[in-house]
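Asks: the sequence and its predicted three-dimensional model are supplied below.
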There are 2 protein chains.
Amino acid sequence: MNILVAQSGGPTAAINATIAGVIEEAQNYKKIKNVYGALNGIEGVINKNLVSFDEIDIELLFKTPSSALGSCRYKLPTDLDNEIYPKIISYLKEKDIRCFIYVGGNDSMDTVLKLSNYCKKNKIEDISIIGAPKTIDNDLMGTDHCPGFGSAAKYVATTFLELEKDCSVYNQPSLTLVEVMGRNSGWLIAASALSKLNGGEGPSLIYLCEEPFKEDRFLEDVGEKLTEGKPVLVALSEGLKDLTGKYIGGSESEKTDNFGHVNSAGAGKYLENLVKKEMDVKVRSIELNIMQRCSGHITSKRDLDESKMLGQEALKLALENKSGRMVGLKRLTNIPYQVEVINTSIQEIANLEKKVPLKWISSSKNYVEKELINYIKPLIEGEVEVDYENGIPKYFSLKKY
Amino acid sequence: MNILVAQSGGPTAAINATIAGVIEEAQNYKKIKNVYGALNGIEGVINKNLVSFDEIDIELLFKTPSSALGSCRYKLPTDLDNEIYPKIISYLKEKDIRCFIYVGGNDSMDTVLKLSNYCKKNKIEDISIIGAPKTIDNDLMGTDHCPGFGSAAKYVATTFLELEKDCSVYNQPSLTLVEVMGRNSGWLIAASALSKLNGGEGPSLIYLCEEPFKEDRFLEDVGEKLTEGKPVLVALSEGLKDLTGKYIGGSESEKTDNFGHVNSAGAGKYLENLVKKEMDVKVRSIELNIMQRCSGHITSKRDLDESKMLGQEALKLALENKSGRMVGLKRLTNIPYQVEVINTSIQEIANLEKKVPLKWISSSKNYVEKELINYIKPLIEGEVEVDYENGIPKYFSLKKY
């Protein structure tokens, strides 16, 4: 028998670690002949575009950011009678693939759900479809936290620490607005508060997208902080919405992708312009942009280790024929940090979003509570040694094989 | 006798290493009682705002990004008969300061020039004013390269490597425009080409600001690259100007600072909008922003070591009473990399800018020549071990002392 892995959705610094876990675990089973990878997610299955992982450097793959197999945003049809399903299944059978592990976020779990539902409906019992979580947004149900989040959070916390150092060199009031990823959940932006763990001040204000954003309140908050006469650093979620649910700064170029997501034009730039209009202060906005998810040169060891472990556990689950489930983590204790591996029916997970509990946002709605910092802290701990060559990191690339 | 150090201009990841060099070197001389630091550059001297470096963690200061002493953009008056000059000098005398080492870029060397000219004019021979270079722009005359540049270049090269990995996950044409710092010189953006040193493809197109930027030619270049059907990564200088010398994307909010610099509104965003209007392709722009200069978690060991050495050499020069000079480096050979320390009269340096030689820009004006890559390569080599605590770097902070 053979097994298949694929990656989908936005890349992260940890998604290859999960693939590395699957490949490594597969070596423990004599019955597994080949581990195949589908290029560009489910599209690689539909287009019969597979690669084989022979003689690859698993350790280098483990710490290489972005999706080594490529990704896709392809959405399987809702109608399970669509001709694409038998086409996919017959190709898997042709390649003797009995386990298909799909690594991704919410949209990828939708793919796992539909494929496993199709198999169930058609009594196909010799192919096991398993989901492995990944998203820097940390918004998947069925797991305490998501692979990729810890590394992105470490990047965000470190970058806010460094931005604060940079912003504070001039002895005069100024305003720096930093936009952090997270369309519908504020987990990642909350990590900005962790920049103060070693004695720094961190951002003065943090606006999560779970609370409706009020412009007048924001101007008041900022004005108050500026009275201290010092540079003010503010963390803004890219997903900020007003009371009517409209994205802040999103009106100019609102477009929707295949999954119905709205691409915001930028809360940071919009609010920078608002401040320029309303206040007399030097202001600039910074987008942390995709560096948040692809900075393999600074990753959380705990994140990468857990991501790999979940790859291993996903394969174990697939071999137990537990199709239609996603592996995840349950946190047992914070100090010492302890988790156990769990798995949940995809039915209960797909197309849902886990948001930051409102009780973890300060009552002033412009900062986070200690509980949220405590939740994130263990996830950014530990460093992964980067292999440098010629002054830049050495990363895995499929092309070499 | 006492000595004084101060920092000015935009911070870098290496500017504290120079201060560390001055402090460490001072310990070799019994005649030096105190090393003072002026807070916020020359403003700290004018406002009598000094700190003393007793019992500080030099090793931590060495690898801490941003200016530990703060910075300023204060421009000394051109008129040497201005009352501010005797005020500064009498304060230095009051504190028995015989050596004043000013670490900074072009504008800071202007301060060194004026102060040393004032001393010369007024026959003040017991105070030595020495410049130590620092700028991620790498545009100072009198030195082969500038402290801070190597670390910023390492960040840029690494980030382009990681952005390329991220951009290439979807199997469809797309355009990612990345704006890199460098208002008047293209040294830093050229470092984007070093992202291919370990086998990656790097950016397809690199536009330095030394060449006039033509929008129609840009659209042609991009269109040609897009015909390959793959994601295209483009490096754009923030300092791109058209044939008339007008900043690309700078018209909206052109403002000038105290030194007459124009703050560009953003070539990346402007060209993103141009592409949206003119071409049918998914396009986005990314600004590497101040992360380029403050990312202390990824620095070049060679850069930090040289920055420190130049601090040591600056003090030696000051003690030799060579006022009005800047320390610098002369490159002897590329392979093996060898430099020697030199010093140059500030008169020959201040208010000049060293640009990338046009022969190091490809004749197509959209890439760099091998010579430029060879020039930058040794400067990004070597890694500095970061001290992590709680998952984020531990950095030096003056407040603790």
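Replies: Noted; the coordinates are in hand.
Asks: close to chain B: what parts of the stretch 151-300 of chain A are there?
Replies: Residues of the stretch 151-300 of chain A found near chain B (CB under 8 Å from any CB of the partner chain) are A:154, A:157-159, A:161-163, A:165-166, A:168-171, A:194-195, A:197-200, A:286-291, A:293-298, A:300. Where C-beta positions appear, they are placed from N, C-alpha and C, glycine not excepted.
Asks: go with 6 Å
Replies: A:154, A:157-158, A:161-162, A:165-166, A:169, A:171, A:197-198, A:286, A:289-290, A:294-298 (CB under 6 Å from any CB of the partner chain).
Asks: what is the neighbour count of the residue nearest to residue A:147 when sequence neighbours are not counted?
Replies: Sequence neighbours aside, residue A:307 is the residue nearest to residue A:147 in space, at 3.6 Å (criterion: CB to CB, 6 or more residues apart in numbering or on different chains). Neighbour count for residue A:307, taken as other CB atoms under 10 Å in any protein chain shown: 32.
Asks: what sits up against stretch A:111-131?
Replies: Counting contacts by CB atoms under 6 Å, 6 or more residues apart in numbering or on different chains, the residues outside stretch A:111-131 that touch it are A:42, A:76, A:80, A:85, A:92, A:98-102, A:109, A:314, A:317-318, A:321, A:323-324, A:326, A:346, A:350.
Asks: show me the shaky parts of chain A.
Replies: Regions of chain A meeting the criterion pLDDT under 70 cover residues A:251-265, A:399-401.
Asks: in the stretch 201-350 of chain A, which residue sits nearest chain B?
Replies: Closest to chain B within the stretch 201-350 of chain A is residue A:294: 3.9 Å, counting by CB to the nearest CB.
Asks: tell me the domain boundaries of chain A?
Replies: A:2-135+A:296-351+A:380-400, A:149-294 (automatic domain parsing).
Asks: and the ones you listed as CSV, adding distance to residue B:246?
Replies: What follows is those, written out as CSV (distance: least, CB to CB, whole Å):
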stretch, distance to residue B:246
domain A:2-135+A:296-351+A:380-400, 35
domain A:149-294, 22
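Asks: ok, which of the ones you listed comes nearest residue B:148?
Replies: domain A:149-294 (12.4 Å; CB to CB).
Asks: got the end-to-end distance for that closest one?
Replies: 11 Å (CA to CA, to the nearest Å).
Asks: contacts for stretch A:60-72?
Replies: A:7-8, A:11, A:13, A:15-17, A:20, A:37, A:39-41, A:43, A:294, A:296, A:384, A:395-396, A:398, B:162, B:165-166, B:169, B:171.
Asks: return a PyMOL selection command for the buried portion of those.
Replies: The PyMOL command for the buried members of these (criterion: 16 or more other CB atoms under 10 Å in any protein chain shown) is given here:
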select buried, (chain A and resi 7+8+11+13+15+16+17+20+37+39+40+41+43+294+296+384+395+396) or (chain B and resi 162+165+166+169+171)
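Asks: give me the subset of the contacts of stretch A:60-72 that lies in strands.
Replies: A:7, A:37 (DSSP state E).
Asks: hmm, who's touching stretch A:331-346?
Replies: Against stretch A:331-346 from outside (CB under 6 Å, 6+ apart): A:109, A:112-113, A:131, A:142, A:144, A:313, A:317, A:324-330, A:374, A:378.
Asks: among those residues, name the buried ones.
Replies: A:109, A:112-113, A:131, A:142, A:144, A:313, A:317, A:324-329, A:378.
Asks: pull stretch A:379-387 out as PDB, backbone CA atoms only.
Replies: Provided in PDB are the C-alpha atoms of stretch A:379-387 (Å, rounded to 0.1, in the frame of the first residue of the first chain):
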ATOM      1  CA  LEU A 379       3.800  28.000  22.100                       C
ATOM      2  CA  ILE A 380       6.600  30.400  21.100                       C
ATOM      3  CA  GLU A 381       9.200  28.800  23.300                       C
ATOM      4  CA  GLY A 382      12.300  27.100  22.000                       C
ATOM      5  CA  GLU A 383      14.500  27.900  19.000                       C
ATOM      6  CA  VAL A 384      15.300  25.800  15.900                       C
ATOM      7  CA  GLU A 385      18.800  25.900  14.700                       C
ATOM      8  CA  VAL A 386      18.900  27.300  11.200                       C
ATOM      9  CA  ASP A 387      21.400  25.900   8.700                       C
END
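Asks: list the buried residues in that stretch.
Replies: A:379, A:380, A:381, A:382, A:383, A:384, A:386.
Asks: need these in JSON lines (columns: secondary structure).
Replies: Output for those, formatted as JSON lines (DSSP: H, G, I helix; E, B strand; the rest coil):
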{"residue": "A:379", "secondary structure": "helix"}
{"residue": "A:380", "secondary structure": "helix"}
{"residue": "A:381", "secondary structure": "coil"}
{"residue": "A:382", "secondary structure": "coil"}
{"residue": "A:383", "secondary structure": "strand"}
{"residue": "A:384", "secondary structure": "coil"}
{"residue": "A:386", "secondary structure": "coil"}
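Asks: rewinding a little: taking the contacts of stretch A:331-346 one by one, which sit in strands?
Replies: Short answer: those in strands (DSSP E) are A:131, A:325, A:326, A:327, A:328, A:329, A:330.
Asks: of all those, which comes closest to residue B:187?
Replies: residue A:329 (45.6 Å).
Asks: if I pick the closest one, what's in contact with it?
Replies: A:143, A:144, A:339.
Asks: how about the first one, nearest residue that isn't a chain neighbour?
Replies: Closest residue to residue A:143 apart from its sequence neighbours, by CB to CB, 6+ apart: residue A:328 at 2.9 Å.
Asks: I'd say the one you found and residue A:141 touch.
Replies: No: counting by CB atoms under 6 Å, residue A:328 does not reach residue A:141; the two are 8.7 Å apart.
Asks: I'd like to know how far residue A:316 sits from residue A:21.
Replies: 10 Å (CB to CB, to the nearest Å).
Asks: these two: which has the busier surroundings?
Replies: residue A:21 (29 against 18).
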